[in-house]
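**Q** Got a predicted structure here, sequence first:
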Amino acid sequence: QVQLVESGGGLVQAGDSLRLSCAASGRALSTYGMAWFRQAPGKEREFVAAVSRFGGTAYADSVKARFTISRDNAKNTLYLQMNSLKPEDTGVYYCAAARQAIAASLKSEYNYWGQGTQVTVSS
């Protein structure tokens, strides 16, 4: 079992930056594919970014060039650096881990989920 706990969310203005963290316990994350998803009110949970076991990354088109996903296996932690935030980035951000080591974009590929952290971007 893997337990995931997100932190770092908050209320910011458009153009600001935030860094989200996802601390894992129970198992070493080094063999898992990891990702961030987000869910806005009234919308489906959507893919944001993913990183494979080997460091390969994938991003949703809407966040490319603004967000950066990274992992520190020594600290068992996943990060999401979010720059140039927009109001449409508002939502609950979830960390996820997949036993598959790839950087997958489908929710169904992920076996473990955190409880989420709220990000609100005001205009």
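**A** Nice, thanks for sending it over.
**Q** How about the helix or strand containing residue 96, which residues are buried there?
**A** Using DSSP states H and E, residue 96 falls within strand 91-98. Residues of strand 91-98 classed as buried by neighbour count (16 or more other CB atoms under 10 Å): 91-98. Placement of C-beta: from N, CA and C, glycine included.
**Q** a markdown table please, covering those and showing distance to residue 44.
**A** Converted to a markdown table, the buried residues of strand 91-98 look like this (distance: CB to CB, whole Å):
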| residue | distance to residue 44 |
| --- | --- |
| 91 | 11 |
| 92 | 12 |
| 93 | 14 |
| 94 | 12 |
| 95 | 18 |
| 96 | 15 |
| 97 | 20 |
| 98 | 19 |
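**Q** What strand or helix carries the most centrally placed residue in the chain?
**A** Centroid check for the chain by CA atoms, centre = their mean gives residue 36 as the closest residue, at 2.2 Å. Assigned by DSSP H and E, residue 36 belongs to strand 33-39.
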